[in-house]
Structures are given as C-alpha cells and as structure tokens.
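> Need a 3D model of the following:
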Amino acid sequence: MIEVHDLLQVQSDSAEPLQRQVQRQLREAILAGRLLPGAVLPASRVLARDLGLGRNTVIHAYEQLLAEGLVVASRQGTVVAALTRAATPRPAAVAHTPGLSQRALACERRRTVAQDLLPFMPGIPALDAFPSALWRRLCERAQRQSSTQDLSYRHVAGEPELRQAIATYVRAARGVRCTADQVLVTDGTQASLQLCAQLLADPGDRAWIEHPGYGGARTALSQAGLQLQPVTVDEHGLNPPAAWWRERPPRLIYTTPSHQYPLGAVMPLQRRLALLEGARQAGAWVLEDDYDSEFRHDGPPLPALQGLSDDAPVVYLGTFSKSMFPSLRLGFIVLPPAVADRAVASAADLCRRGHAPLQRALAEFIHDGHFAAHLRRMRRLYRERQQALREALSRHWSLPHACVGGRCGMHLVMSLPAGVDDAALARDALAAGLSPRPLSVYGTGGIGGFNGLVMGYAHTRAEAMATHVRTLDRLAVVHSRRR
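Here you go, the predicted model:
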C-alpha cells in the first residue's frame, strides 16, 4: 500500500514555499486519481513528522485543499472528496481536449513580423522616414499630463480632442461631411469593420465585397455571420450587375473607391453616384474604406464618396496605420448623423476604449500641422520610390508583364504570364528575402482569377529597387521554364 508521504517530494532548497509544495503535490495526486475519493489523509501531525516539516505547514496545506473542495472534513479526519474526474481518469489515448473553432483555424497567420518588414511587402509605410523623435516627445508630454482618471475605461467613441482633430482633418482633406460627434475612434480598420458588421447588419444579411479585395474585410464580415457576395471589379472599381440590386440586394457594401485594393482602380463620379442611388433604393449601407488615398501621385486626392451628398448612406472608414505606422493601432469611423448617437451608445456594449494619452498625442500631432507635413513628405518620397520600382522593372524584368494601379497609394500590381504560379513565386521570393504578395490570395470568389504580384514600394529604398527586382526576376525566369 502506498503511503501518502511516498507521493510527496518536498524540497527544502526549492524557491517554492514548503506549504505550496505540499498543497500542489496533494492537489495533483487527487486530480490524477493517485489518491482516490474517500481516502483518509494522515493527521497533520503524522504527515509533518513523515516529511520532516512543521505541523503548521501541513495544516495550512490541508486548509487550502479544503477551500478548493478537493478534500472534506469528517469524523475520520481529512478525506479526499468525491470528484468524478479523479475517480475515473480516462486513458490519454481517448482523452479529448477542446480545440480551436474552424473560424479561428481559417484565420491562422503564417507570416512573421520579420517577414512583414522585407522589401516589397505591401501595406507597410516608410517607417524610416517617420518623425519618431517628435512623436516620442508628444507621447511623453501627453503621458506626463495624464491623470488617474485616464487609467479607467474611456468613452467608447474616443478622446474628444482626437475626435475633433479627425473631423477637422477629413472635412478639409477628404471632403467628408461630419462633425466630431459622428467620429468613433477604433483600433484600426479591422476593428472598424467588425464593429460596423455588428452595428449595421444581422447574421444572415448579405454583404457585397470586392473581388479581388481586402482579405480583412472578408474575414470581418464573414465572422459576423453575413452572407458574402463577391463583386468582380473592373478598371473603374466595384461594378455590380444591375439585376443584383433586385435579385441579391445587400445590407452592406464594402468598397475602396478612391484606390481599389489591391488593383488600384479609381471609381469615377458617375459610378459613385450610381452606387449611392442603388444603396439608397436597397436600404443598404456603403462601407467606404479610404485606407491610403492621401498618397495620390497625379494630383490632389479625390473627395470621398461620403461627401457627395448630405444624406449619403455611407460609413466612412479611415486609418493611421498607412499614413503613420501600423503599430499605432488607431483608426476611425465617421457615422451618418441619423444613426451616430444610437450607434455610439450600442458600441459601448461591444467594446472598451483606453489609451487616452496616446490619443491626445495624436490629436496634437494633427492639430499642430505635423500630420499634414508628414503626408506631404511621404507623397514626395513614395512618388520617388514608385518611379524607381517602375524603372527597375523596365530594365531588369525579363517576362511579359503589365503594371496596374499606381495613381496613388503605396503599392503596384504586376501581372504574371499564365504559366507562372504567383503563389509559388511569392514563396520562393520570401525565402530569398523579399515579400511581394501573390495577387491570387486576394480573390474573394468572384468571376475569374488573378495572377500577379502585389509589390509594396513605400518601405523599400529607391537605391535598392534594382537589386531586388533582379533577384525576383531570376526566380520568375526559373518558374517560367517549368511550364
């Protein structure tokens, strides 16, 4: 018969206190079934003697096990409680540990942080050109001026200083019609889309999304239980068949009209007006993702779709991840006035807001003109880097190709010959230290497939473009010979 003290290995030189060693090891023995229900533990005096410990050490361990419900006090003494799991332990071979949901598994990210910083990664701004010292001073000042109230939950819509700064900026720079009361600060575009799906649609409602398009929108809307309807884009952006307004009416329409992602189309005025009228007739909301239109290279940025009329059924989404830096994790929603108050009240039950000093630092960054100055510098820099990429492709790229997009933003899309698998080429490029993204992964199920590379140039120095393009070309030529 195994004695209780034989199950315990108490070490006096351990960093773990003796009392915790005793209670932990007894707990493990009970849960594993080595001490069965009804077993009487030795008297505290006896176990203390057998282990060479003080009696109080054992008494306190027993008291903790009693509080946890693992033992009970009876006339016989301290008795192991009747625990179903402990009484009939299952063999490891048939044990079932709950796994992740299919939704979670579908969202598994296979890229590392380091890979996201490699040349040609789309969506990464010129981090080396951001005024980090200035930003650090603003953050430190905002932190010094914060109070203990800032440590609590903040208003769900964000700090009033930042909401006002955002409203002032988008009115002047993007033609958005809004007041600060319509602005709701979020943790970025992904969070904005998730919140819009919860606030503006119910599970089972239909959402139109662009094909090809932003994968984050597909994920956010599908995880909200919406029925996704891919709409294939053309050279002018989202182009739903006229019959779909009757046959497949949407509740939400996700679009990137000022710079379609990833193909770069700019939606002309006539199509914008038709989209707004169709949405009005269908009772749908248009989610306008204006992710990087500040960086227009052939003229001033086009006005936002939201600002075309006072009653436009448009929810405007903006982000600072592209204009400043991704880890800032701040974006915003401009809600239509008809639903702004109710939506903000409902959002209070769906999310919590914090980071008050950070938001105030950003408000000061915008208010004092630093944000506008930074955008002007980045527009010049990105024009130079895009031109360097185009020149490198014209000189060093061997295969037939065409570049689309480029009128604004931070990336180009380069088509590939039919015999070159863009996903396989992108994998080899990643192994070689480059990070273009295959165009095919942006497909959302619409008509036709797409084969090419989405090449970010904002984070890649102009003088390095030729070297990187030559490396990519060598890989592409190898793939073309495998046909």
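> Every contact and neighbour count from this point should use C-alpha atoms.
Noted.
> which residues in the stretch 51-200 of the chain form strands?
Using DSSP state E, counting those that start in this stretch, the strands of the stretch 51-200 of the chain run over 71-74, 77-80, 183-186.
> Contacts for the second one next, please.
Right, the one you point to is strand 77-80. For strand 77-80, the surrounding residues in contact (CA atoms under 8 Å, 6 or more residues apart in numbering) are 30, 35-43, 62, 70-73.
> do stretch 288-303 as well
Taking CA under 8 Å, 6+ apart as the rule, stretch 288-303 contacts 173-176, 189, 254-259, 304-306, 314-319, 322-323, 375, 378-379, 382-383, 406-410.
> which residues sit against the strand or helix carrying residue 333?
In the assignment (DSSP states H and E), residue 333 maps to strand 331-334. Strand 331-334 has contacts (CA under 8 Å, 6+ apart) with 178, 182-189, 192, 315-321.
> and the next element down the chain from it?
Using DSSP H and E, the first helix or strand after strand 331-334 is helix 340-347.
> Deepest-packed of the strands of the stretch 51-200 of the chain, please.
strand 183-186 (a mean of 26; mean count of other CA atoms under 10 Å).
> dump the residue contacts of residue 251.
Shown in contact with residue 251 (CA under 8 Å, 6+ apart): 201, 205, 206, 207, 282, 283, 284, 285.
> what about the helices in the stretch 301-450 of the chain?
340-347, 356-367, 370-396, 422-431 (DSSP state H, counting those that start in this stretch).
> Could you identify which of those is most buried?
Using mean count of other CA under 10 Å, the stretch among those with the largest mean neighbour count is helix 356-367, at a mean of 21.
> From the chain's centroid, how far away is that one?
22 Å (CA atoms, centre = their mean, to the nearest Å).
> repeat for stretch 336-355
Centroid separation between stretch 336-355 and its chain, computed with CA atoms, centre = their mean, is 20 Å.
> repeat for stretch 123-141
Distance, centroid of stretch 123-141 to centroid of chain: 21 Å (CA atoms, centre = their mean).
> same deal with stretch 249-259?
In this view, stretch 249-259 has its centroid 20 Å away from the chain centroid, taken as CA atoms, centre = their mean.
> export that stretch as PDB, just CAs?
C-alpha atoms of stretch 249-259 as PDB (Å, rounded to 0.1, in the frame of the first residue of the first chain):
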ATOM      1  CA  PRO A 249     -29.900  43.100 -52.500                       C
ATOM      2  CA  PRO A 250     -27.200  43.900 -50.000                       C
ATOM      3  CA  ARG A 251     -27.300  45.200 -46.500                       C
ATOM      4  CA  LEU A 252     -23.700  46.200 -46.500                       C
ATOM      5  CA  ILE A 253     -21.400  47.100 -49.500                       C
ATOM      6  CA  TYR A 254     -17.700  47.200 -48.800                       C
ATOM      7  CA  THR A 255     -15.700  49.200 -51.300                       C
ATOM      8  CA  THR A 256     -12.400  51.100 -51.700                       C
ATOM      9  CA  PRO A 257     -13.500  53.700 -54.300                       C
ATOM     10  CA  SER A 258     -10.500  56.100 -54.100                       C
ATOM     11  CA  HIS A 259      -7.900  53.400 -54.600                       C
END
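> Can you pull the domain assignment for this protein?
What automatic domain parsing lists as the domains of the chain is 4-87, 130-369, 373-480.
> do you know how far residue 384 is from residue 393?
The gap separating residue 384 from residue 393 is 14 Å, by CA to CA, to the nearest Å.
> Setting aside sequence neighbours, what's the nearest residue to residue 262?
residue 213 (6.2 Å; CA to CA, 6 or more residues apart in numbering).
> what's that neighbour in contact with, if anything?
Going by CA under 8 Å, 6+ apart, residue 213 touches 260, 261, 262, 442, 443, 444.
> one step back: now that we have the contacts of strand 77-80, which of them are buried?
Buried members of those, scored by 16 or more other CA atoms under 10 Å, are 30, 35-37, 39-43, 62, 70-72.
> Dump the residues you listed into CSV; add distance to residue 160 and pLDDT as well.
Shown next, in CSV, are these (distance: CA to CA, whole Å; pLDDT from 0 to 100):
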residue, distance to residue 160, pLDDT
30, 55, 88
35, 60, 88
36, 61, 89
37, 60, 91
39, 63, 89
40, 64, 91
41, 62, 90
42, 64, 91
43, 64, 91
62, 54, 91
70, 52, 90
71, 55, 91
72, 56, 92
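> Go ahead and flag the most central residue of this protein.
Note on the chain: the residue nearest the mean C-alpha position is residue 190, at 5.2 Å, using CA atoms, centre = their mean.
> any idea how far residue 98 is from that one?
27 Å.
> right, and residue 321 touches residue 190 too?
No - counting by CA atoms under 8 Å, residue 321 stays clear of residue 190, with 11.0 Å between them.
> pLDDT score for residue 12?
Note for residue 12: predicted pLDDT of 83.
> so it is in which element?
Using DSSP H and E, residue 12 sits in no helix or strand.
> which ones are touching it?
Contacts of residue 12 by CA under 8 Å, 6+ apart are residue 18.
> Good, wrapping up.
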